[in-house]
Structure formats: C-alpha cells, structure tokens
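**Student:** Below are the sequence and a predicted model for it; my questions follow.
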Amino acid sequence: MIVADTDVLIDALRGRDPAAQRVARGIEEGRLATTVLTSFELLSGSRDETERERVEDLLGAIELLPLDPGAAARSAALRRDLEARGETIGLADYLIAGICLSRSASLMTRNRRHFDRVPGLRFAGTD
C-alpha cells in the first residue's frame with residue numbers, strides 16, 4: 001500500500017507531474033490510500049465549491065486510513081523518540097508516519113526533510 005501525503009495530492013489535483021501520473025496509476029492499481037489527516041487538510045484548504053468537489057472526488061477514489069489505536073500508539077512512541085532527540089516534525093506528520101508504520105505502508109511525499117527522521121518509514125517515489 002502507498003499512502004499519498006497532502007503535498008502529493010495537491011500536486012495531483014493541480015495536474016503537476018510526476019505526482020499526477022503516480023496518483024492516477026496508484027488509483028488505477030487500487031494501491032493508493034491517504035490518511036484522514038490529509039483528508040482534513042485538503043478539505044479545509046479548499047477555496048471554493050468547485051475545488052471542494054474535486055477534492056471529494058479524489059478522496060472518494062482512494063482508501064482513507066484512520067488514526068486507530070495501533071497507529072496512535074506508534075505515533076506517540078515516534079513523537080517521544082524524536083522529541084527526545086530534538087528532531088521534531090510536527091503533530092500531523094507524527095500521526096501520518098504512525099499510520100504508515102502501523103500498516104507497513106510506504107509514504108509518497110515531497111516532504112522528505114521531516115519524514116527522513118522517522119526510523120523504519122519506507123518511501124514511494126514521486127519521480
């Protein structure tokens with residue numbers, strides 16, 4: 001399973017490659033998912049009705065992964081570990097990484113600066 005981060009889905013919505021191609025391929029293959037956090041970020045960032053409908057169409061085509069108890073525990077452990085090392089990444093990124101780790105999923109993101117700090121997190125390319 002590949003989990004698309006917010007930045008990748010925004011690029012896809014705007015038709016920017018390589019994200020648009022990777023997202024389309026992931027949907028076609030039935031392997032693409034995102035998190036409820038990314039869903040929140042996309043929906044709350046929609047500027048008008050047309051944009052909101054495009055976001056809803058995209059989200060309707062992929063699996064939305066919840067923050068379940070296992071993912072919450074992984075996220076919390078990750079936050080404790082990274083903060084103890086002074087390598088914070090932000091609340092949403094802890095939660096997204098925890099969801100990916102708890103499901104052994106690869107993350108498709110352009111935000112490698114933050115997510116490279118997460119031990120064991122696998123990445124799916126955007127190129």
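**Tutor:** Cool, got the structure. Just so it is clear, the structure is predicted and the values come from calculations on it, not from any experiment.
**Student:** Backbone dihedrals for Leu32, please?
**Tutor:** phi -100, psi 140 (degrees, to the nearest 10).
**Student:** That one reaches Ala4, doesn't it?
**Tutor:** Yes - with contact defined as CB atoms under 8 Å, Leu32 and Ala4 form a contacting pair (5.9 Å). C-beta: built from backbone N, CA, C; applies to glycine.
**Student:** Can you work out which residues contact both of those two?
**Tutor:** Common contact partners of Leu32 and Ala4 (CB atoms under 8 Å, 6 or more residues apart in numbering): 23, 26, 62.
**Student:** Contacts only, for the first one.
**Tutor:** The reference is to Val23. Val23 touches 4, 8-9, 12, 32, 58, counting by CB under 8 Å, 6+ apart.
**Student:** List the buried residues in the lengthiest helix in the chain.
**Tutor:** With DSSP state H setting the assignment, residue counts place helix 69-84 as the longest helix in the chain. For helix 69-84, burial by neighbour count (16 or more other CB atoms under 10 Å) applies to 71, 74-75, 78-79, 82.
**Student:** For that helix, give me every contacting residue.
**Tutor:** Residues from elsewhere that reach helix 69-84 (CB under 8 Å, 6+ apart): 65, 67, 88-89, 94-95, 97-99, 101-103, 117-119.
**Student:** rerun that using 7 Å as the cut-off
**Tutor:** Residues outside helix 69-84 that contact it (CB atoms under 7 Å, 6 or more residues apart in numbering) are 88-89, 94-95, 97-99, 101-102, 117-118.
**Student:** Most neighbours among these, please name it.
**Tutor:** Neighbour counts for the contacts of helix 69-84 (other CB atoms under 10 Å) peak at Ala97, which has 29 neighbours.
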